[in-house]
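Undergrad: starting from these lines, generate the structure:
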Amino acid sequence: MNNQLDVFNANLQKLQHALKSSNVKENDVLVRQDASKADIQQLHADMGQLRQSGLSALVEFHMLVKENTNEAEWEKIMKQFNKELSLTSA
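TA: As a prediction, the model looks like this:
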């Protein structure tokens, strides 16, 4: 279970970094006025892939916890997880 949590955490951090880099002032492709359509499309594809990876890791983590706990434990873990997730996304 720790490995799945590590994978989820790594994907979440990559996604957060990618979303921050979508800021015009921080992203090389968006800063360059001569960026090609292909560069921008690649940026879009990369960000979409990160979003999908993050969502897949979240679903896998969710199911792993659900399969390895009883209902009371699962609810407690998910409540804490959602609390932590909302704190890190702020």
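
Undergrad: and the residue of the chain positioned farthest from its centre, helix, strand or coil?
TA: Most distant residue from the mean C-alpha position of the chain: Asp34, 29.4 Å away (Cα atoms, centre = their mean). Following DSSP: H, G, I helix; E, B strand; the rest coil, the label given to Asp34 is coil.

Undergrad: ok, now how distant is the most centrally placed residue in the chain from Glu67?
TA: By Cα atoms, centre = their mean, the mean C-alpha position of the chain lies nearest to Leu12, the distance being 3.1 Å. Counting by Cβ to Cβ, to the nearest Å, the gap from Leu12 to Glu67 is 21 Å. Just so you know, the C-beta spots here come from the backbone N, C-alpha and C atoms, and that holds for glycine as well.

Undergrad: and for Asn9?
TA: 19 Å.

Undergrad: who touches stretch 50-62?
TA: 4-5, 7-8, 11-12, 14-15, 18, 78 (Cβ atoms under 8 Å, 6 or more residues apart in numbering).

Undergrad: these, buried ones only, as a ChimeraX selection?
TA: Here is the ChimeraX command that selects the buried residues among the contacts of stretch 50-62 (16 or more other Cβ atoms under 10 Å):
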select :8,11,12,15,18
